[in-house]
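Visitor: Here's a sequence, model it:
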Amino acid sequence: MYFAFDLANYILTACSIDRAVSVLFPIGSRKYCRRQIAYTITLILFIINTLLNSHLLYGFVVLSANSTLHTSVQICHHRFDSDKYQKLFSAYDSYVDVIKTNVIPFIIMSFCNLIIIIRVCRSNSSINLNNGKYHSRTTKSKRKYEKDRQLTLMLLGSSIAFLVLTLPTEINDIIRSNSGEKVVNEKTYLLSAILLSLAHLNYAVRIYKNFFFFLY
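Guide: Numbering: from 1, shown residues only. Model (predicted):
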């Protein structure tokens, strides 16, 4: 889960950078925004995220836990026989994971979206100036203005949605990692499932955004 979320977030971040570069440098971007470079960047992100999360292969084990139904169930949990790893995981699964998984991608994507928004607004202003100050907008220019407005709102909304949909599950992970209880609570699992569903919804929103952007 950690690896998949991290990799997905940073691939989406790389896509945002790619779109911002394409908008800011429409001619020069042809040299760098190519399929081969995209493969290379994806491979680099894969290797980096694998190394960052490799400690989970050692630190997570299958444990028996008591459930509220008075039955023993098997869960995958960080190990309790190593005080050093407990401290490491407590630090990793708290502020480090939030900054790495949410804050950094959010800042980069918001900055890239801001570049696109400014570029779109300037393009729309130049079109209006070319049409003349005293001439009313034609039907075509009105449609262009409406598409630009929709794109701006979509970019802002997707950045906010990323933070709103993914941050709660990170906060929930912090609470669970600092809890020493080994009792499997149905309400806790239900809450975790709901928050994870919201996090996955974020990726569906991003797919829609990418599809809309390329159509634009």
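
Visitor: where along this protein do the helices fall?
Guide: 2-24, 29-32, 35-52, 55-59, 83-91, 97-98, 104-131, 139-177, 186-215 (DSSP state H).

Visitor: Would you mind giving the ones you listed as CSV with mean neighbour count and mean pLDDT added?
Guide: C-beta: built from backbone N, CA, C; applies to glycine. CSV is the format used below for the helices of the chain (neighbours: other Cβ atoms under 10 Å; pLDDT from 0 to 100):
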stretch, mean neighbour count, mean pLDDT
helix 2-24, 19, 81
helix 29-32, 12, 74
helix 35-52, 13, 89
helix 55-59, 13, 76
helix 83-91, 13, 76
helix 97-98, 18, 80
helix 104-131, 16, 76
helix 139-177, 16, 71
helix 186-215, 14, 71
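
Visitor: quick one, what contacts A20?
Guide: F111, C112, N113, I115, I116 (Cβ atoms under 8 Å, 6 or more residues apart in numbering).

Visitor: Return the closest of these with respect to D83.
Guide: F111 (40.2 Å; Cβ to Cβ).

Visitor: roughly how far apart are the closest one and A4?
Guide: Here F111 is placed at a distance of 24 Å from A4 (Cβ to Cβ, to the nearest Å).

Visitor: Ok, L190 next?
Guide: Distance from L190 to A4, by Cβ to Cβ: 21 Å.

Visitor: and if you look at E186?
Guide: For E186 relative to A4 (Cβ to Cβ), the value is 25 Å.

Visitor: swap in I160?
Guide: From I160 across to A4, the span is 23 Å (Cβ to Cβ).

Visitor: Next: M109.
Guide: Distance, M109 to A4, by Cβ to Cβ: 18 Å.

Visitor: same check, this time on I117
Guide: Separation of I117 from A4 (Cβ to Cβ) stands at 30 Å.

Visitor: repeat for S192
Guide: 15 Å.

Visitor: For L165, which non-adjacent residue is spatially closest?
Guide: N202 (4.0 Å; Cβ to Cβ, 6 or more residues apart in numbering).

Visitor: Correct me if wrong: that neighbour contacts F162.
Guide: Yes - using Cβ atoms under 8 Å, N202 is in contact with F162, at 5.7 Å.

Visitor: check contacts around V21.
Guide: Going by Cβ under 8 Å, 6+ apart, V21 touches S29, Y32, C33.

Visitor: would you turn those residues into a markdown table with distance to Y95?
Guide: Below are these laid out as a markdown table (distance: Cβ to Cβ, whole Å):
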| residue | distance to Y95 |
| --- | --- |
| S29 | 35 |
| Y32 | 34 |
| C33 | 34 |
